[in-house]
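Chemist: Below: sequence and its predicted model.
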Number of protein chains: 2
Amino acid sequence: MRKDSTFKSEAAFISWIQRHFPQRSKGLTLGIGDDAALVSVPTGHELILTTDMSIEGVHFKSGVHSPRSIGHRALARSLSDIAAMGGTPRYVLVSLALAENAKQSWLKEFYRGLFKFGRRFGVAVIGGDTAVTPGPTVVDIIVAGEVPRGKALLRSGAKPGDRIFVSGSLGLSALGLRLLLSRAHVRNATDKAALHAHLYPQPQCSLGRFLSEHRLATALMDLSDGLSIDLRRLCDASGVGANLFADQIPAPDIADRDDALKLALHGGEDYQLLFTVSAKKAAKIPKRFGRIPLHHIGEIQPSKAIHLISPNGKTRPLKPEGWDHFARRSER
Amino acid sequence: MRKDSTFKSEAAFISWIQRHFPQRSKGLTLGIGDDAALVSVPTGHELILTTDMSIEGVHFKSGVHSPRSIGHRALARSLSDIAAMGGTPRYVLVSLALAENAKQSWLKEFYRGLFKFGRRFGVAVIGGDTAVTPGPTVVDIIVAGEVPRGKALLRSGAKPGDRIFVSGSLGLSALGLRLLLSRAHVRNATDKAALHAHLYPQPQCSLGRFLSEHRLATALMDLSDGLSIDLRRLCDASGVGANLFADQIPAPDIADRDDALKLALHGGEDYQLLFTVSAKKAAKIPKRFGRIPLHHIGEIQPSKAIHLISPNGKTRPLKPEGWDHFARRSER
């Protein structure tokens, strides 16, 4: 960190966190400050564990993302994994490799963004690790959640004939990033929604829990890398394929409809839920869950191909074009 | 990664891990491959959660540490935190921000080192995140362990009059790093032990469990940053101070005794255990735990100062000089 830092030691930093973000939580025996944290898992529940990294220059960019947004987004990625299992997030550990030229104010704002957002989900930050790195900042957010035993929803349960649903809007986050990178002015409600979707995504934990508690979904995952690649992953895990109805996919409300569809199919970081429901139970899926619209966008097929069907009946294979960290197929 | 990579996608990489390191573990419901992992915690037990980062250029250096050693050491740091609570490590998540110029062989060797070492502790690698970074490689290792409810040993229980113990040898890892950096030849058994201690440290999980099960220790922590700073942390958490007997500290067997003592006091990464025992129970601490010697090195004092007492009776205050990631007091 730069010289303006007032944290003279790791102990001073931990003390700042403990003062500003007191952690109380049912089930929490021991939080930040010892060698490790101690928690209880309620009887009859399983523990969900997930971790997600956010890297400066890859997942966020200085000058584009504020430290508050970076803290929010980093936590959202991991919370969304808990939503994707139908669970309830409970505990968070934050590993932060902080660029040595980062200001102390950056660190404080990052934590404020993360803690403020975490409070809305009732999660407690119970530990982590902090170090200074000669390279770009790397954030790793670990979330532990819980789910009643046997109720977790996996990617692997989709069956031919199941209906495919998504929550919310797709492609908004990618549109928001495009606006930020082009430094375009916000012109309308779509632009505003897109910026918000990108900077402050909202994982769908309540919806995930609803689907799990009522045993409505046969398979569930979150949309982090883009519908085309994430649906491919769900289909691979289930050994099936899919037909998608192009006009049912909730694409951004922009003039260029081809562009809108591309954003919805391949744009990532929406953190909405993708789930499949048996034909019998499909009628039980409401049009809206609270304020979040739910869209029936396709059907699971026995053959492994994924096809996109246009309103005119034209069918074309859908290639996965979302984000893959090894192939680096798309840049964001 | 470089072009020699044969991992064409994240899916291919995950598949490689699943093929080479099949994960079976009691309590594991779901491992790598879905949105998150699912585990059970046995009735009457609490869950221990910890995470530790290892950063290229900070915690390890290319050309000094082999990828196998880096995998081993990264896991050892987190396993040692579980040992420091008196718990049993069970599950591991691996977050890896891999430098874009890293070779695929590096990645494979890193995982081999990590998995081979993990098997010795019976831990299962159940998840993680992998991404390519424009900066140095950053590894974050999350370990979940378990401990019977109420049996975890904290830093905060030391009382005046308690005896202070450490396990094994101190300063060997720092000596080993010095040898590696100076590219000195291995001349004797001490050099050999020092290199091994640095490259392949052994967390003391069995000892931690022994102290917890038999309720022998009033406070327990692991020595990761150096005795002088870690003892200060234990004393701060317990609201006490300490006297250390300089000639009882298990320093490296090298000719320069002042240098040896400095290494033992301020060298980090030994991953031995530091614990306190009431005067009444001190006799129950064996001279050796298996092959690991246990040393009575001092006593807890009511005043908060920490003093070092020489064999000639000379007493001097001991300043914490280990590693602090914010203050960057020492380089390794």
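Modeler: Ah, there it is.

Chemist: Would you mind listing where chain A has pLDDT under the threshold?
Modeler: Scanning chain A for pLDDT under 70 picks out the ranges A:1-6, A:22, A:322-332.

Chemist: Tell me where it has strands.
Modeler: A:28-30, A:37-39, A:45-55, A:88-99, A:124-133, A:138-148, A:163-167, A:219-223, A:241-245, A:272-277, A:288-289, A:292-301, A:306-309, A:315-317 (DSSP state E).

Chemist: Nearest to chain B within chain A, name that residue for me.
Modeler: A:Gly135 (2.5 Å; Cβ to the nearest Cβ). Bear in mind the C-beta positions are built from the backbone N, C-alpha and C, glycine included.

Chemist: pretty sure that residue is touching B:Pro136, no?
Modeler: Yes: taking Cβ atoms under 8 Å as the definition, A:Gly135 is a contact partner of B:Pro136 at 4.4 Å.

Chemist: backbone phi and psi for the residue of chain A closest to chain B, please?
Modeler: Dihedral angles of A:Gly135 (phi, psi; degrees, to the nearest 10) stand at phi -100, psi -160.

Chemist: so who does it touch?
Modeler: A:Ala97, A:Ala99, B:Ile55, B:Glu56, B:Gly57, B:Thr133, B:Pro134, B:Gly135, B:Pro136, B:Val138 (Cβ atoms under 8 Å, 6 or more residues apart in numbering or on different chains).

Chemist: Now render these as TSV, adding distance to A:Ser66.
Modeler: Converted to TSV, the contacts of A:Gly135 look like this (distance: Cβ to Cβ, whole Å):
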residue	distance to A:Ser66
A:Ala97	19
A:Ala99	15
B:Ile55	25
B:Glu56	28
B:Gly57	28
B:Thr133	21
B:Pro134	21
B:Gly135	21
B:Pro136	25
B:Val138	22
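
Chemist: how many other residues sit next to A:Ile142?
Modeler: 28 (other Cβ atoms under 10 Å in any protein chain shown).

Chemist: now swap in A:Leu79 and tell me
Modeler: A:Leu79: 30 neighbours (other Cβ under 10 Å).

Chemist: same deal with A:Phe210?
Modeler: A:Phe210: 17 neighbours (other Cβ under 10 Å).

Chemist: residues contacting it?
Modeler: A:Leu216, A:Phe289.

Chemist: can you check the one 3 residues further on too?
Modeler: Listed by Cβ under 8 Å, 6+ apart, the contact partners of A:Glu213 are A:Gly86, A:Lys151.

Chemist: Save the strands of chain A as TSV, and put in distance to B:Leu47 too.
Modeler: As requested, the strands of chain A are arranged in TSV below (distance: least, Cβ to Cβ, whole Å):
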stretch	distance to B:Leu47
strand A:28-30	9
strand A:37-39	5
strand A:45-55	6
strand A:88-99	9
strand A:124-133	11
strand A:138-148	8
strand A:163-167	30
strand A:219-223	24
strand A:241-245	37
strand A:272-277	27
strand A:288-289	31
strand A:292-301	32
strand A:306-309	39
strand A:315-317	45
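
Chemist: With distance to chain B added, can I get those strands in TSV?
Modeler: Output for the strands of chain A, formatted as TSV (distance: least, Cβ to the nearest Cβ, whole Å):
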stretch	distance to chain B
strand A:28-30	6
strand A:37-39	5
strand A:45-55	4
strand A:88-99	5
strand A:124-133	4
strand A:138-148	4
strand A:163-167	15
strand A:219-223	5
strand A:241-245	16
strand A:272-277	10
strand A:288-289	19
strand A:292-301	18
strand A:306-309	15
strand A:315-317	18
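
Chemist: which residues does A:Phe117 contact?
Modeler: A:Phe117 neighbours (Cβ under 8 Å, 6+ apart): A:Gly71, A:His72, A:Leu75, A:Ala76, A:Tyr200.

Chemist: In PyMOL, select just the buried ones from those residues.
Modeler: Selecting only the buried entries of the contacts of A:Phe117 in PyMOL, with 16 or more other Cβ atoms under 10 Å in any protein chain shown as the criterion:
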select buried, chain A and resi 71+72+75+76
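
Chemist: Burial check on the nearest residue to A:Ala305 once chain neighbours are set aside, number of neighbours?
Modeler: In space, and not counting its chain neighbours, A:Ala305 is closest to A:Gly241: 4.6 Å by Cβ to Cβ, 6 or more residues apart in numbering or on different chains. Other residues within reach of A:Gly241, judged by other Cβ under 10 Å, total 22.

Chemist: Please apply the same query to A:Val41.
Modeler: Neighbour tally, A:Val41, other Cβ under 10 Å: 23.

Chemist: what's the answer for A:Arg316, then?
Modeler: By other Cβ under 10 Å, neighbour count at A:Arg316 equals 10.

Chemist: mind listing what the nearest residue in space to it that is not next to it in sequence touches?
Modeler: Spatial nearest neighbour of A:Arg316, chain neighbours left out: A:Leu308 (5.5 Å); criterion: Cβ to Cβ, 6+ apart. For A:Leu308, the contact set (Cβ under 8 Å, 6+ apart) comprises A:Asn243, A:Leu244, A:Ala246, A:Leu265, A:Thr315, A:Arg316, A:Pro317, A:Leu318.

Chemist: Buried subset of the residues you listed as a PyMOL selection?
Modeler: The PyMOL command for the buried members of the contacts of A:Leu308 (criterion: 16+ other Cβ under 10 Å) is given here:
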select buried, chain A and resi 243+244+246+265+318
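
Chemist: Identify the farthest-apart pair in the contacts of A:Leu308.
Modeler: A:Leu265 and A:Thr315 (14.8 Å; Cβ to Cβ).

Chemist: shared neighbours of A:Gly135 and B:Pro136, anything?
Modeler: B:Ile55, B:Glu56, B:Gly57.

Chemist: Only whichever of those are buried, select them in ChimeraX.
Modeler: Buried members of those, defined by 16+ other Cβ under 10 Å, are picked up in ChimeraX with:
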select /B:55,56
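
Chemist: Among the shared contacts of A:Gly135 and B:Pro136, which ones lie close to chain A?
Modeler: Residues of the shared contacts of A:Gly135 and B:Pro136 in contact with chain A (Cβ under 8 Å from any Cβ of the partner chain): B:Ile55, B:Glu56, B:Gly57.

Chemist: Wait, the first one touches B:Ala99, no?
Modeler: So the one you mean is B:Ile55. No: here B:Ile55 does not reach B:Ala99: they are 10.8 Å apart, not a contact under Cβ under 8 Å.

Chemist: Could you tell me which residues touch both of those two?
Modeler: With Cβ under 8 Å, 6+ apart as the test, B:Ile55 and B:Ala99 both reach B:Pro136, B:Thr137.

Chemist: one step back: would you list the contacts of A:Phe117 in a markdown table and tack on distance to chain B?
Modeler: Below are these laid out as a markdown table (distance: Cβ to the nearest Cβ, whole Å):
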| residue | distance to chain B |
| --- | --- |
| A:Gly71 | 17 |
| A:His72 | 18 |
| A:Leu75 | 14 |
| A:Ala76 | 14 |
| A:Tyr200 | 21 |
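
Chemist: Please tabulate the contacts of A:Phe117 in TSV, including the columns distance to B:Val186.
Modeler: Shown next, in TSV, are those (distance: Cβ to Cβ, whole Å):
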residue	distance to B:Val186
A:Gly71	47
A:His72	51
A:Leu75	47
A:Ala76	50
A:Tyr200	56
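
Chemist: Just the ones in helices from the contacts of A:Phe117, please.
Modeler: A:Gly71, A:His72, A:Leu75, A:Ala76 (DSSP state H).

Chemist: Excluding chain neighbours, what is closest to the last one?
Modeler: Counting by Cβ to Cβ, 6+ apart, A:Ala76 lies nearest to A:Pro201, which is 4.6 Å off, once chain neighbours are set aside.

Chemist: how about A:Pro302, what does it touch?
Modeler: A:Pro160, A:Val240, A:Gly241.

Chemist: go on, A:Pro42?
Modeler: A:Gly27, A:Glu146.

Chemist: any idea how far it is from B:Ser182?
Modeler: 54 Å (Cβ to Cβ, to the nearest Å).
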